[in-house]
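>>> Any chance you can model this:
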Amino acid sequence: RTPNNAPSVDHFLLEMKIRDFFIFLGETFGDRLFLRDGMFPPNFRLPWRSTSFASYPGDGWTPSTPADRRFQAWQTGTTGYPLVDATMTELRRTGWCSNRGRQNAASFLVKELGLDWRLGAAVFQRFLVDHDVASNFGNWQYAAGSIDPRGCRLFDVVGQGKRYDPKRRYLRKWTSYRSYDVNRRRAVPLCEEGAGRARREWAKASKR
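Model prediction:
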């Protein structure tokens with residue numbers, strides 16, 4: 001048996017509290033769980049780019065705009081950013097992904113690619129085998145800055161990969177990349193206006 005004060009038990013209990021928190025928010029705020037600006041609109045607005053579709057298009061469609069192509073690369077794990085691609089490949093193939101991977105993939109979609117968080121939530125809703133509406137959409141609002149008290153939290157998807165997978169075992173399992181470094185000539189172009197705004201907002205929030 002695991003001792004009651006073991007870190008694994010503490011972490012499990014924390015995750016249960018977070019799950020119950022999102023259930024509470026869903027019961028309390030109802031349809032606001034699905035609003036673009038979230039249940040608690042942040043004091044900043046990222047310049048999200050509009051796609052040619054209003055809701056998740058699934059597979060078998062042809063991207064027609066730069067925003068479409070960014071989204072397609074993200075959901076298929078072909079962005080050129082190794083941690084993001086490994087996470088999305090694992091999700092699509094198995095229906096699972098780690099919390100660490102999810103946070104990085106979500107931050108990348110919303111703040112680096114400049115896309116509506118609800119598209120990401122729809123992809124996770126489709127592929128997660130243990131999908132829960134309140135937890136999924138609540139966590140995505142958190143990634144978009146609505147629920148996060150620190151606002152525009154931005155994940156370094158290169159540094160996070162190197163830190164949490166130093167031997168690159170996870171990377172090699174799900175991709176053909178050899179390192180977490182990015183070849184930007186081959187990677188999907190970022191939404192620089194959105195990414196720059198996100199970095200500035202996160203820098204300000206980090207100083208509070």
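
>>> Where does pLDDT dip in the chain?
1-7, 41-48, 54, 149-152, 192-195, 197-198, 201-208 (pLDDT under 70).

>>> how about 80 then?
1-8, 11, 37-50, 52-61, 146-153, 191-208 (pLDDT under 80).

>>> which residues in it form strands?
Per DSSP state E, the chain has no strands. Nothing in it meets that criterion.

>>> for it, longest helix please?
Secondary structure of the chain per DSSP state H: the longest helix is helix 7-29.

>>> Now stretch 162-171: buried residues?
For stretch 162-171, the neighbour count (16 or more other Cβ atoms under 10 Å) marks Lys162, Asp165, Arg168, Tyr170, Leu171 as buried. In this view, the C-beta of every residue, glycine as well, is placed from N, C-alpha and C.

>>> From Val133, how far out is the spatially closest residue to the fourth one that is not a sequence neighbour?
So that's Tyr170. Nearest non-adjacent residue to Tyr170, counting by Cβ to Cβ, 6 or more residues apart in numbering: Ala86, 6.1 Å away. Using Cβ to Cβ, to the nearest Å, Ala86 is found at 26 Å from Val133.

>>> Which one of the two is surrounded by more residues?
Ala86 (26 against 14; other Cβ atoms under 10 Å).

>>> who's in contact with that one?
Ala86 makes contacts with Gly77, Gly101, Gly161, Tyr170, Leu171, Lys173, Trp174, Thr175, Tyr177, as judged by Cβ atoms under 8 Å, 6 or more residues apart in numbering.

>>> Emit the PyMOL select command for whichever of these are buried.
Restricted to buried positions by 16+ other Cβ under 10 Å, the PyMOL selection for the contacts of Ala86 reads:
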select buried, resi 77+101+161+170+171+174+175+177
